[in-house]
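Asker: Using only what follows, build the 3D model:
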Amino acid sequence: MRSNDGHVGVPAGARAPSSTGHSATGWGIDDVGAVLAVKHLDGAKTRLAASRPPEDPDTTPAHRDLVLAMLLDTVAAVSAAGVGPIVVVTPDDDVLRTVARTGAAGLREQQHPRPSLNLAYLQGAAWLRARHPRLRMAMMVQADLPAATGTALAEVLGAASAHRAALLADADGDGTALLIRPIVAADAPAFGVDSAAAHRRSGAVELDPARRRWTELRTDVDTAADLDAAVALGVGTHTREVLATSFTGRPAR
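Answerer: This is a model prediction of the structure:
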């Protein structure tokens, strides 16, 4: 269940990698750090902004607030699952300032001739590796999972700990909601079009390929329909507050 601050605790009996022992593959939850990547807010989630219904406000501040809120609820779920440290890579000053208040680390994205979220994920993993040498695994998480819960993430980590690398596909099965792989991997991940297949080709094992479990982690928000699906599942505190105050045409469960 969600607490009042939007965090979700791991209930008794939830199966996750042990914080003291290790799985057969040699890693446990204490070996995992998380990386999230966020574009500049002015260019983030353009499909979502374009697909909003007429009753939603046509204002940049409301859209920026929603993108930030989804990020904060995703970070809260990762933290509630027991994963730490967490780093958010972004070129946006507002994101960096907001993340600093959560206890996660904010890392300014390096400039590249052709910047991409995949290079940002790789930068974040390198930052974690340099500053936390005990870490062995990087969990690369989409930053727009407002229905994510700590319980579901803990269960996914438990399933992933049987493998050297693992992925959870999105609701459609084509994209990747999260990827867990050795932190020393030097190649960029393949988030984007058909990323699930690309990550499988790279050696990651797909968890629950029938997609019967963990719907709350698979519901990334790229369109208004995705947002409605996340709301139906139950979004976190930050997203719920933004929907209630700025998107009055939408229910906020």
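Asker: where do the strands sit along the stretch 151-253 of the chain?
Answerer: Ranges of strands within the stretch 151-253 of the chain are 166-169, 176-182, 205-206, based on DSSP state E, counting those that start in this stretch.
Asker: hmm, I was thinking of the stretch 1-150 of the chain
Answerer: 32-37, 86-90, 105-108, 137-141.
Asker: Need these in CSV (columns: mean neighbour count).
Answerer: To be clear about C-beta, it is placed using only N, CA and C from the backbone, and glycine gets the same treatment. Listed next are the strands of the stretch 1-150 of the chain as CSV, based on neighbours: other CB atoms under 10 Å:
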stretch, mean neighbour count
strand 32-37, 26
strand 86-90, 25
strand 105-108, 18
strand 137-141, 27
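Asker: Rebuild the ones you listed as JSON lines, extending it with mean pLDDT and distance to Leu66.
Answerer: Putting those into JSON lines (pLDDT from 0 to 100; distance: least, CB to CB, whole Å) gives the following:
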{"stretch": "strand 32-37", "mean pLDDT": "98", "distance to Leu66": "16"}
{"stretch": "strand 86-90", "mean pLDDT": "98", "distance to Leu66": "16"}
{"stretch": "strand 105-108", "mean pLDDT": "98", "distance to Leu66": "19"}
{"stretch": "strand 137-141", "mean pLDDT": "98", "distance to Leu66": "18"}
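Asker: just how off-centre is stretch 192-206 within its chain?
Answerer: Stretch 192-206 has its C-alpha centroid displaced from the chain centroid by 17 Å (CA atoms, centre = their mean, to the nearest Å).
Asker: which residues are contacting it?
Answerer: By CB atoms under 8 Å, 6 or more residues apart in numbering, the residues outside stretch 192-206 that reach it are 116-118, 163-170, 173-176, 179-181, 187, 189-190.
Asker: hmm, 7 Å instead?
Answerer: Contact with stretch 192-206 is made by 163, 165-167, 169, 173-176, 179, 181, 189-190, as judged by CB atoms under 7 Å, 6 or more residues apart in numbering.
Asker: Point out where the stretch 151-253 of the chain drops to low pLDDT.
Answerer: 248-253 (pLDDT under 70).
Asker: Which parts of it are helices?
Answerer: Here the stretch 151-253 of the chain has its helices, by DSSP state H, counting those that start in this stretch, at 195-201, 215-218, 224-233, 237-246.
Asker: Compare the ones you listed and give me the one nearest Val75.
Answerer: If you check each of these against Val75 by CB to CB, helix 237-246 wins as the nearest, at 9.3 Å.
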